[in-house]
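Enquirer: can't give you the sequence, but here's the structure:
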């Protein structure tokens, strides 16, 4: 590796440490990404990026953190002092990722329902007028359910 690239990786990893200290996790991830462009096997940058992504806490960030922890656990150069932490993270993150993913999916469905209701409202309908039934083969069927209580 070229000496300038190595120095640049160290500088960006140190910048990431500063961002972490200031609780600017997005900035830490960005700095680590820059460091890893110059040195993809830089343990400190991988670990700091994983920490920042874990703190950000959304599904995408947690998944990225898990990927970094997996990469670190497979690297022979990873210090023994970090290996116990890695084992813990590799066990605790998958259920957390699943939980956060479900929560984000529910939030997105509520937002989509709100958009659907706002459009369907112009026609005197809502998303409650449509019943979705899961089929055995993995598909879905949609049934229209008329509004109750409105007589003409």
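Expert: Structure's in. What do you need? All values derive from a computational prediction rather than experimental measurement.

Enquirer: next one: the most centrally placed residue in the chain from residue 85, what distance?
Expert: Centroid-nearest residue in the chain: residue 60, 1.5 Å away (criterion: Cα atoms, centre = their mean). As judged by Cβ to Cβ, to the nearest Å, residue 60 and residue 85 stand 22 Å apart. Glycine gets a C-beta too; all of them are placed from N, C-alpha and C.

Enquirer: rewinding a little: helix or strand: which one has the residue nearest to the centre of the chain?
Expert: Using DSSP states H and E, residue 60 maps to helix 59-74.

Enquirer: tell me if residue 136 really is in a helix.
Expert: No - counting by DSSP: H, G, I helix; E, B strand; the rest coil, residue 136 is not found in a helix; it is coil.

Enquirer: confidence score at it?
Expert: Looking at residue 136, its pLDDT reads 86.

Enquirer: give the contact list for it.
Expert: For residue 136, the contact set (Cβ atoms under 8 Å, 6 or more residues apart in numbering) is empty.

Enquirer: offset the numbering so it begins at 48, please.
Expert: With 48 as the first residue, the last one maps to residue 183.

Enquirer: the following helix or strand past the helix holding residue 107 packs against which elements?
Expert: Per DSSP H and E, the first helix or strand lying C-terminal to helix 106-121 is helix 127-167. Helix 127-167 sits against helix 90-103, helix 106-121, with contacts defined as 3 or more Cβ pairs under 8 Å, 6 or more residues apart in numbering; DSSP states H and E.

Enquirer: thank you kindly, that will do.
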